[in-house]
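[1] Here's my sequence, what's the structure:
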Amino acid sequence: MKSNYKKLIANLTNKGIIFAEGMTEYDFKIIEDKLNVIFPNQLKEFLSCGVPISKGFYNWKDLSNQNIEQIKEMIEWPFLDILKEIENENYWCEKWGEKPNDLEKAIKIYKSEYERAPKIIPLYSHRYIVGVDDDKNMKSLSIAGSDIICYSDNLESYLQI
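    Reported below is the predicted structural model:
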């Protein structure tokens with residue numbers, strides 16, 4: 001699989017994407033601890049070959065407080081956006097059951113559902129990868145509030161797009 005990512009990085013470099021040196025296991029440990037996430041194996045394989053640092057990408061090797069806070073904000077951004085939509089009574093997911101009339105109860109249900117959901121990890125701008133180690137279910141998502149679109153079936157196909 002790593003050879004596929006090396007080829008993809010070469011293609012992306014030819015398209016003007018700038019890459020920094022790949023990440024080590026030590027790098028992953030530090031960033032995962034700081035962000036309280038676990039990188040899926042596909043993402044680790046890709047980032048170990050090179051870290052895209054062009055505008056819109058997240059520099060996982062930059063451990064400055066400012067960069068870590070920016071990534072944390074992007075991890076929380078979809079949660080907060082949907083929370084605002086719930087508070088403004090513009091959104092409710094049928095799978096959560098009937099929406100309570102009490103806003104506090106609705107928020108409690110939403111927070112509970114969010115905590116049970118797999119973590120999402122930002123890839124590029126408002127595109128995320130679902131943080132699970134399952135090659136068949138590692139979707140990349142385009143997220144803008146409750147407008148969530150499956151962008152690709154896996155990291156490799158996302159990078160090809």
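
[2] continuing past the longest helix along the chain, what's the next helix or strand?
    Counting residues, the longest helix found in the chain (DSSP state H) is helix 65-87. Going down the chain from helix 65-87, the next helix or strand is helix 103-116, by DSSP states H and E.

[3] so for that following helix, what's the average pLDDT?
    If you average the pLDDT over helix 103-116, you get 95.

[4] And that helix, what does it pack against?
    helix 65-87 (3 or more CB pairs under 8 Å, 6 or more residues apart in numbering; DSSP states H and E). Bear in mind the C-beta positions are built from the backbone N, C-alpha and C, glycine included.

[5] Can you name the residues in contact with the helix it packs on?
    Helix 65-87 is contacted by residues 34-35, 37, 58-60, 91-92, 103, 106-107, 110, 114, 119-122, 126, 128, 143-146, 148 when judged by CB atoms under 8 Å, 6 or more residues apart in numbering.

[6] mind listing what's buried in that helix?
    For helix 65-87, burial by neighbour count (16 or more other CB atoms under 10 Å) applies to Asn67, Ile71, Met74, Ile75, Trp77, Pro78, Asp81, Ile82, Leu83, Glu85, Ile86.

[7] State the distance from the fourth one to Gln42.
    From Ile75 across to Gln42, the span is 18 Å (CB to CB, to the nearest Å).

[8] what does the second one give?
    Here the criterion is CB to CB. By it, Ile71 lies 19 Å from Gln42.

[9] Could you do the last one as well?
    To Gln42, Ile86 is 32 Å away according to CB to CB.

[10] Grab the nearest non-local neighbour of Glu156.
    Closest residue in space to Glu156, ignoring its immediate chain neighbours: Asn4 at 6.1 Å, by CB to CB, 6 or more residues apart in numbering.

[11] next SSE after the one helix or strand that neighbour maps to?
    Using DSSP H and E, Asn4 sits in helix 2-14. Counting by DSSP H and E, the next helix or strand C-terminal to helix 2-14 is strand 19-20.

[12] What average pLDDT does the following helix or strand past that following strand get?
    Moving toward the C-terminus from strand 19-20, the next helix or strand (DSSP H and E) is helix 25-35. What helix 25-35 shows for mean pLDDT is 95.
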